[in-house]
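**Student:** Below are the sequence and a predicted model; questions follow.
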Amino acid sequence: MKIRIDKLTKQYGDFRAVDELSLEVNDGELVGLLGPSGCGKSTTLFMLSGLTEPSSGKIYFGDRDVTEIPPEDREIGLVFQNYALYPHMTVLDNIMFPLINRRIPKEEARKRAEEMAEIVHLEGLLNRKPKALSGGQQQRVAIARALVKKPQVLLLDEPLSNLDAKLRISTREEIRRIQQEVRITTIFVTHDQEEAMSISDRIAVMDRGRLQQYERPQDMYLNPVNEFVANFLGMPQINMFEGELRDEGIFLADKLLRRREDMSEGHDLRNGRYRMGIRPENFEIDPEGLKERALHVRMTGRDLLVFFNIGDTELRLLAHSDHNFKKGDEFSISVRPGQIMIFDGDGRTMAKV
């Protein structure tokens with residue numbers, strides 16, 4: 001099922017929660033709606049589900065205009081943030097419930113529920129109550145219940161927010177596995193950029209109700225269209241600073257970061273001050289580079305996050321832990337080619353140099 005959203009808007013008085021959102025989701029794609037709290041992503045999901053009525057715009061499932069069709073007739077499966085399982089029912093009864101509600105014969109409903117339980121790897125837990133399950137298992141029951149109706153579209157609202165960090169990683173992989181196995185078009189809402197990037201075919205980043213960028217995760221990370229997307233994606237966060245472009249090249253506090261003749265783009269940019277960004281992993285240790293000193297060092301697992309100053313600007317670089325940096329150590333760095341982002345006054349990306 002292909003989904004097309006055309007200038008979808010939701011207005012509450014003078015406040016636009018979603019502002020003329022347009023995008024397409026291909027058949028079988030998994031798309032993440034990503035953004036900070038209040039950006040309009042959950043409102044968008046609830047308009048897709050039919051639980052919230054749009055102020056204007058259209059929603060199409062395939063060639064069918066579903067904008068004014070009630071939720072029960074949209075052929076969707078919806079999984080809420082809190083799973084909304086029935087505590088007095090077994091796993092099997094929870095999964096069967098939508099079918100019984102549709103008056104499907106009990107034996108057929110049981111068979112379909114058992115088949116769905118196998119897909120989500122719950123076949124040995126069918127007689128348990130939800131309170132006897134882990135958070136990840138409860139999540140899979142909710143997904144199985146949503147899918148047992150054989151919907152055309154699966155919608156997930158912050159599906160992993162109630163899980164601890166380790167369980168989130170394994171459960172998001174399960175969601176991706178299940179989605180690919182049943183080949184269902186899926187949209188899920190999250191504020192966690194790592195979560196969205198790890199399992200999505202494409203990501204729609206939103207801010208204040210407006211779509212900022214809609215792209216494959218890797219393409220978006222490497223080529224953000226504006227400063228907001230560059231800041232929102234990436235952990236640790238991108239280094240942002242006021243740099244100066246001169247005839248000789250790019251400077252920060254009179255230290256030359258990139259010679260103009262070595263710039264891969266932006267040769268015609270005027271001299272002046274610009275907002276710029278460098279991701280921490282795009283500094284490299286270079287004996288011929290700028291000499292700096294570690295202010296402090298933080299272990300992030302296999303990498304070290306090293307803090308240092310250029311002038312009054314604090315920056316961070318990621319280095320492999322075998323460098324064994326510690327506070328006060330001196331080192332020399334350069335910036336990888338094509339990895340300094342330059343933004344205009346409106347925050348749009350002008351060049352990567």
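**Tutor:** Noted; the coordinates are in hand. Just so you know, these numbers come straight off a predicted model, no measurement behind them.
**Student:** Identify each buried residue in stretch 282-301, please.
**Tutor:** 282-283, 290, 292, 294, 297 (16 or more other Cβ atoms under 10 Å). Just so you know, the C-beta spots here come from the backbone N, C-alpha and C atoms, and that holds for glycine as well.
**Student:** Output the lowest mean pLDDT helix or strand found in this structure.
**Tutor:** Every helix and strand of the chain was ranked by mean pLDDT, DSSP states H and E. The lowest is helix 165-182, at a mean of 88.
**Student:** Can you give me the buried ones in that helix?
**Tutor:** 167-168, 171-172, 174-176, 178-179, 182.
**Student:** Please apply the same query to stretch 131-142.
**Tutor:** 133, 136-142.
**Student:** residue nearest the centroid of this protein?
**Tutor:** residue 196 (3.0 Å; Cα atoms, centre = their mean).
**Student:** pretty sure residue 96 contacts residue 109?
**Tutor:** Yes: here residue 96 reaches residue 109: they are 4.7 Å apart, a contact under Cβ atoms under 8 Å.
**Student:** I'd assumed residue 204 was in a strand, is it?
**Tutor:** Yes: assessed by DSSP: H, G, I helix; E, B strand; the rest coil, residue 204 belongs to a strand.
**Student:** That one: what's it in contact with?
**Tutor:** 23, 31-34, 211, 213-214 (Cβ atoms under 8 Å, 6 or more residues apart in numbering).
**Student:** can we see that at 10 Å?
**Tutor:** Residues near residue 204 by Cβ atoms under 10 Å, 6 or more residues apart in numbering: 5, 21, 23, 25, 31-35, 41, 44, 187, 196, 211-215, 220.
**Student:** Inside strands: which ones of those?
**Tutor:** 5, 21, 23, 25, 31-34, 187, 211-215 (DSSP state E).
**Student:** Now tabulate the residues you listed in a markdown table and tack on pLDDT.
**Tutor:** Shown next, in a markdown table, are the ones in strands among the contacts of residue 204 (pLDDT from 0 to 100):
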| residue | pLDDT |
| --- | --- |
| 5 | 98 |
| 21 | 98 |
| 23 | 96 |
| 25 | 98 |
| 31 | 97 |
| 32 | 97 |
| 33 | 97 |
| 34 | 96 |
| 187 | 97 |
| 211 | 98 |
| 212 | 98 |
| 213 | 98 |
| 214 | 98 |
| 215 | 96 |
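**Student:** now these in JSON lines, with distance to residue 335 and neighbour count?
**Tutor:** Below are the ones in strands among the contacts of residue 204 laid out as JSON lines (distance: Cβ to Cβ, whole Å; neighbours: other Cβ atoms under 10 Å):
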{"residue": "5", "distance to residue 335": "39", "neighbour count": "24"}
{"residue": "21", "distance to residue 335": "36", "neighbour count": "25"}
{"residue": "23", "distance to residue 335": "34", "neighbour count": "17"}
{"residue": "25", "distance to residue 335": "37", "neighbour count": "23"}
{"residue": "31", "distance to residue 335": "33", "neighbour count": "21"}
{"residue": "32", "distance to residue 335": "30", "neighbour count": "26"}
{"residue": "33", "distance to residue 335": "33", "neighbour count": "30"}
{"residue": "34", "distance to residue 335": "27", "neighbour count": "28"}
{"residue": "187", "distance to residue 335": "37", "neighbour count": "26"}
{"residue": "211", "distance to residue 335": "30", "neighbour count": "22"}
{"residue": "212", "distance to residue 335": "25", "neighbour count": "20"}
{"residue": "213", "distance to residue 335": "23", "neighbour count": "22"}
{"residue": "214", "distance to residue 335": "29", "neighbour count": "19"}
{"residue": "215", "distance to residue 335": "24", "neighbour count": "17"}
